[in-house]
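Colleague: Turn this into a model:
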Amino acid sequence: MNTPRLLCVHVLTLTCAVVMMAQEHPMDESQGNPVPRLSPRSEHKPSTPTTAPAPEPQVVPLTVPTKTSLQVALESEVRVQKVGQSLSARLVDPIYAFDRLVVPAGSEIRGEVTKINPVSNSKRTLAGLDADFTPPHKVEVTFTDLALPDGKHLALHTIVTPGSGQVMQFVTAPEKDSKKTVKDLAAEKTNAAKQQARDEWNNTIKQLKTPGRMHRLERYAEAQLPVHAQYIPAGTMYFAELEEPLNFGNETLPAEKAAVIGGDLPEGSVVHARLVTPLSSATAQKGEEVEAVLARPLFNGDRLLYPQGSLLVGAVSQVQPARRLKKNGQLRIAFHQVVLPDGIAQKVEAALVGVQAGQEENVKLDSEGGAEASNPKSRYFNTSVSLGLAAIAGRGDEDAKGPDTTGTTGSRAAGGAGGFKLVGMVAGALIQSRAFGYSMGAFGAGRSIYQNFLTRGHEVVFPKNTAMDVAIGMR
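Modeller: Model prediction:
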């Protein structure tokens with residue numbers, strides 16, 4: 001009896017084990033593979049392949065944002081008379097919105113004189129000692145109306161950047177010798193872009209009613225008079241920042257064009273930018289960060305790489321303030337990063353190849369993009385004239401008998417002219433004293449030597465919104 005009973009127990013145990021294994025690993029009847037257990041409240045669904053949605057075109061607003069600088073130059077000479085008198089100017093640099101030209105260079109802009117500041121007592125006294133009883137006033141202007149090519153007019157609300165309001169020139173770096181290497185081919189591309197920038201500048205300046213040589217001589221002679229009118233010369237340039245944006249609608253940017261924005265910058269490309277950080281060789285520090293904003297979009301063929309409004313970031317790489325003995329200031333900046341409006345950045349190596357600068361500042365660029373103020377050659381002529389007048393004033397009357405204490409009328413007038421211009425000339429002719437004429441001549445000669453050769457040199461100054469051409473080098 002014990003043997004059959006033990007056999008039944010083993011059979012029941014084996015059967016239970018098989019049933020439990022079958023419950024833990026149910027079989028898929030179709031494939032014979034284990035079916036994974038689903039989590040509660042879920043169901044097993046066959047997987048289906050998914051496809052990525054096709055890229056859609058983007059709608060880009062064509063807006064010229066606030067703080068954008070409009071570079072305008074007076075179309076004709078203006079005699080300063082009163083607050084509210086009108087001004088006529090021309091747009092020097094075209095205006096872009098994203099990748100679209102919205103206002104071409106040469107467009108007419110109207111403005112007015114908003115304030116004529118009084119002259120301080122100290123400035124009036126110093127001018128009076130130099131026989132100038134009508135020293136120039138600081139004149140503030142604004143620009144209020146922009147004429148579009150289609151005849152429409154846009155109302156403007158602008159504020160003029162400090163440091164502008166002077167006659168300017170476009171200075172470019174000298175070209176290097178080409179040897180037809182890969183580097184030199186990029187340099188040729190850069191040189192072609194610099195030539196195009198010079199041509200654009202010259203074509204715009206031709207539209208201004210700049211005075212001829214005789215007119216400039218007349219204005220110079222008038223400025224030597226003790227009392228004279230104040231003029232703002234034709235070609236005086238102002239940087240007018242927008243206080244309100246300008247809207248030119250929207251454009252649809254295809255997806256394939258949007259996808260390539262921010263691509264590699266071709267070596268030898270030149271970007272047109274406006275300086276955001278004002279710079280002066282007197283105050284700048286080596287390593288100081290410098291920013292400039294792209295005033296025009298950069299294309300590679302018909303492919304947009306960087307739209308208007310992209311940012312160039314760099315630093316001051318070399319600076320030397322002006323010193324005594326007419327040693328002028330030096331300033332060198334280098335850009336190392338370009339940033340899209342959405343914040344995506346790319347490293348570059350870029351240097352200055354063209355810049356706007358005041359005509360009186362005599363700024364020059366070297367082949368590596370460094371800026372240095374230079375002394376005008378006219379200083380030799382002016383000093384020679386002053387020395388000549390002093391020599392004439394020192395001559396006595398050859399026909400005089402005994403000690404000559406009066407000198408000739410011409411020598412006394414020459415000495416007075418060297419010291420105090422027209423007033424000194426009249427005083428020297430009337431005051432019959434050779435010592436007076438000689439003293440005035442010596443004073444004028446000494447002052448000329450000091451100002452032209454001994455005093456501190458000129459600084460390199462780039463106000464905010466100065467236009468720059470920046471060449472892209474190797475990444």
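Colleague: Show me the shaky parts of this protein.
Modeller: 1-55, 176-186, 394-407, 409-410, 412-429, 474-475 (pLDDT under 70).
Colleague: So which residues of the stretch 351-475 of the chain form strands?
Modeller: 363-365, 371-373, 461-462, 467-472 (DSSP state E, counting those that start in this stretch).
Colleague: I meant to write the stretch 151-300 of the chain there.
Modeller: Here the stretch 151-300 of the chain has its strands, by DSSP E, counting those that start in this stretch, at 153-155, 158-160, 166-172, 231-232, 236-242, 246-253, 270-275, 279-280, 289-294, 298-300.
Colleague: The longest one packs against which elements?
Modeller: Yep, that's strand 246-253 we're talking about. strand 58-64, strand 95-97, strand 100-103 (3 or more CB pairs under 8 Å, 6 or more residues apart in numbering; DSSP states H and E). Every residue, glycine included, has its C-beta placed from N, CA and C.
Colleague: Can I get the ones you listed in CSV including mean neighbour count?
Modeller: Below are those laid out as CSV (neighbours: other CB atoms under 10 Å):
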stretch, mean neighbour count
strand 58-64, 15
strand 95-97, 23
strand 100-103, 17
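Colleague: Which among these is found nearest to Phe170?
Modeller: Nearest to Phe170 among these is strand 95-97 (18.0 Å), distances taken as CB to CB.
Colleague: what residues does the closest one touch?
Modeller: 62-64, 68, 70, 101-103, 246, 248, 295-297, 308 (CB atoms under 8 Å, 6 or more residues apart in numbering).
Colleague: with those in mind, which one is nearest to Pro266?
Modeller: Pro297 (14.1 Å).
Colleague: Next one: that closest one relative to Lys257, how far apart?
Modeller: To Lys257, Pro297 is 12 Å away according to CB to CB, to the nearest Å.
Colleague: May I see the helices and strands packed on strand 246-253 arranged in CSV, with distance to Val290 as well?
Modeller: Formatted as CSV, the helices and strands packed on strand 246-253 follow (distance: least, CB to CB, whole Å):
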stretch, distance to Val290
strand 58-64, 23
strand 95-97, 22
strand 100-103, 27
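Colleague: Could you list the paired strands of the helix or strand where Lys347 lies along with their orientation?
Modeller: Using DSSP states H and E, Lys347 sits in strand 345-358. Each strand paired with strand 345-358, and its direction, by DSSP bridges: strand 166-172 (antiparallel), strand 330-339 (antiparallel), strand 467-472 (antiparallel).
Colleague: Tell me how this protein divides into domains.
Modeller: According to automatic domain parsing, the chain is divided into the following domains: 59-375+459-472, 378-454.
Colleague: Between the two ends of the last one, what distance do you get?
Modeller: Separation of the first and last residues of domain 378-454 by CA to CA, to the nearest Å is 15 Å.
Colleague: what's stretch 283-290 in contact with?
Modeller: The contact list for stretch 283-290, computed with CB under 8 Å, 6+ apart, reads 275, 277, 279, 313-319, 331, 333, 335.
Colleague: closest to Ser374 among those residues?
Modeller: Closest to Ser374, out of all of the contacts of stretch 283-290 and judged by CB to CB, is Leu331, at 13.1 Å.
Colleague: which SSE is Ala127 in?
Modeller: helix 121-129.
Colleague: my guess is Leu62 meets Gly249, correct?
Modeller: Yes - the pair Leu62 / Gly249 is scored as a contact, 5.5 Å apart, by CB atoms under 8 Å.
Colleague: Find residues that contact each of these two.
Modeller: Shared contacts of Leu62 and Gly249 (CB under 8 Å, 6+ apart): none.
Colleague: Hmm, Gly249 and Val60 touching each other?
Modeller: No - applying CB under 8 Å, one finds Val60 not in contact with Gly249, separated by 10.2 Å.
Colleague: what are the phi and psi angles of the closest residue in space to Ala105 that isn't next to it in sequence?
Modeller: Nearest residue to Ala105 in three dimensions, chain neighbours excluded: Pro94, at 4.5 Å (CB to CB, 6 or more residues apart in numbering). The phi/psi pair for Pro94 (degrees, to the nearest 10) reads phi -60, psi 160.
Colleague: rewinding a little: between the contacts of stretch 283-290, which is closest to Glu459?
Modeller: Using CB to CB, Leu331 comes nearest to Glu459 of those, at 8.5 Å.
Colleague: Show me which residues of the strand holding Lys347 are buried.
Modeller: Of all the residues in strand 345-358, those buried under the rule 16 or more other CB atoms under 10 Å are 346, 348-358.
Colleague: got the contact list for the spatially closest residue to Pro104 that is not a sequence neighbour?
Modeller: Once flanking residues are discounted, Pro104 sits nearest to Pro94: 5.2 Å by CB to CB, 6+ apart. With contact taken as CB under 8 Å, 6+ apart, Pro94 is in contact with 101, 103-105, 296.
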